[in-house]
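Participant: okay, predicted coordinates and the sequence, questions at the end:
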Amino acid sequence: MRLRGGRRRNTDDHRPDADGTPGPAVELRGVRRQYGRGVRAVHALAGVDLALPRGSFTAVMGPSGSGKSTFLQCAAGLDRPSAGSVRLGGTEITGMRENQLTELRRSRLGFVFQAFNLLPSLTVEQNVLLPLRLAGQRQDRHRAATVLARVGLAGKAGRRPGELSGGQQQRVAIARALVTRPDVIFADEPTGALDTVTAAEILGLLRHAVDTLGATVVMVTHDPAAAVWADRVLFLADGTFADGLERGSAEQITARMAALTSRAGAMAGAAA
């Protein structure tokens, strides 16, 4: 498995934009998300403009309350922005009805969460195939076996999640995210519940999916050691992207985060 270094990207499954050329995997234009009104309003996103290329691995970091979770939810169609537009794989999703968004998430997006979100009553294979089942597609057991082998779980298809370690359960979640060959995989603190060694293995699998399968990964994390696996780290502050770093080291990422956190603390103190 190649975890770092040279990349080989599969572009065969890229969905083109309306003009026939492959566009960004994720594109946000003027995205704002406000909760509440008047003096009590909270501006979680304050005008985000962003385009992420296909076949890339992007980490999103920021101080507590910077808007990381809101960004992920709006980018993935889990929440609707108050203003602006979101495009996924060349498809405008902002005005979609809820049933259309649900169908899109099932067929064209993959999700990996800190809590694994596996169904304990289902086998590993059934958990992996669940997105296909919910989308009304054929239950392709060969495809399930293929993605399970890719994440190092060949032979575990008949097990239940409770019989697996935390790292193995997260591997099942990654296999489930890959099974639909999605436009984008959104990962929310995917290593937050894992030890250091297991976390590195999981991040290596996400890196491998980008390098060899042409996947696009957008990961929210607080951990510089996790962000170092990404092609680019974007830093959120006060609902906007304030900084970025291409293939930075853990030390560089930590320094940028410290500067942002210090600035956020100073601004909060001045406001008080």
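Facilitator: Here it is on my side, so go on.

Participant: so Phe113 is in contact with Asp188, correct?
Facilitator: Yes. Taking contacts as Cβ atoms under 8 Å, Phe113 lies within contact range of Asp188: 5.2 Å. Using the backbone N, CA and C atoms, a C-beta is placed for each residue, glycine as well.

Participant: look at these two and report which has more neighbours.
Facilitator: Asp188 (20 against 16; other Cβ atoms under 10 Å).

Participant: list the beta-bridge partners for the more buried one.
Facilitator: Phe113, Val220 (DSSP bridges).

Participant: next one: it, what pLDDT does it get?
Facilitator: For Asp188, the pLDDT comes out at 95.

Participant: any idea how far it is from His222?
Facilitator: 11 Å (Cβ to Cβ, to the nearest Å).

Participant: quick check, central residue of this structure?
Facilitator: Taking Cα atoms, centre = their mean, the centroid of the chain lies closest to Phe186, which sits 1.8 Å from it.

Participant: right, and it touches Leu72 too?
Facilitator: Yes. Using Cβ under 8 Å, Phe186 is in contact with Leu72, at 5.9 Å.

Participant: quick check: neighbours shared by those two?
Facilitator: Counting by Cβ atoms under 8 Å, 6 or more residues apart in numbering, the common neighbours of Phe186 and Leu72 are Val218.

Participant: for Leu101, what are its contacts?
Facilitator: Counting by Cβ under 8 Å, 6+ apart, Leu101 touches Gly77, Ile93.

Participant: give me the residue ranges of the stretch 1-150 of the chain where confidence is low.
Facilitator: Scanning the stretch 1-150 of the chain for pLDDT under 70 picks out the ranges 1-22.

Participant: which residues in it form helices?
Facilitator: 68-75, 98-108, 124-134, 141-150 (DSSP state H, counting those that start in this stretch).

Participant: and the contacts of the shortest one?
Facilitator: Taking Cβ under 8 Å, 6+ apart as the criterion, the residues outside helix 68-75 that touch it are 26, 28, 31, 33, 44-45, 48, 60-62, 78-81, 86, 88, 186, 188, 218, 220, 236, 239.

Participant: now it - C-alpha only, PDB.
Facilitator: Extracted in PDB, the C-alpha atoms of helix 68-75 (Å, rounded to 0.1, in the frame of the first residue of the first chain):
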ATOM      1  CA  LYS A  68     -15.700  23.300  11.200                       C
ATOM      2  CA  SER A  69     -18.800  21.100  11.800                       C
ATOM      3  CA  THR A  70     -21.100  23.600  10.100                       C
ATOM      4  CA  PHE A  71     -18.800  23.700   7.000                       C
ATOM      5  CA  LEU A  72     -18.800  19.900   6.800                       C
ATOM      6  CA  GLN A  73     -22.600  19.700   7.200                       C
ATOM      7  CA  CYS A  74     -23.300  22.400   4.500                       C
ATOM      8  CA  ALA A  75     -20.700  21.000   2.100                       C
END
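
Participant: coming back round to it: from Asp140, how far out is the residue nearest to the centre of the chain?
Facilitator: Distance of Phe186 to Asp140, given as Cβ to Cβ: 23 Å.

Participant: likewise for Leu104?
Facilitator: Counting by Cβ to Cβ - Leu104 and Asp140 are separated by 20 Å.

Participant: more neighbours: which of these two?
Facilitator: More crowded of Leu104 and Asp140, by other Cβ under 10 Å: Leu104, with 20 against 12.
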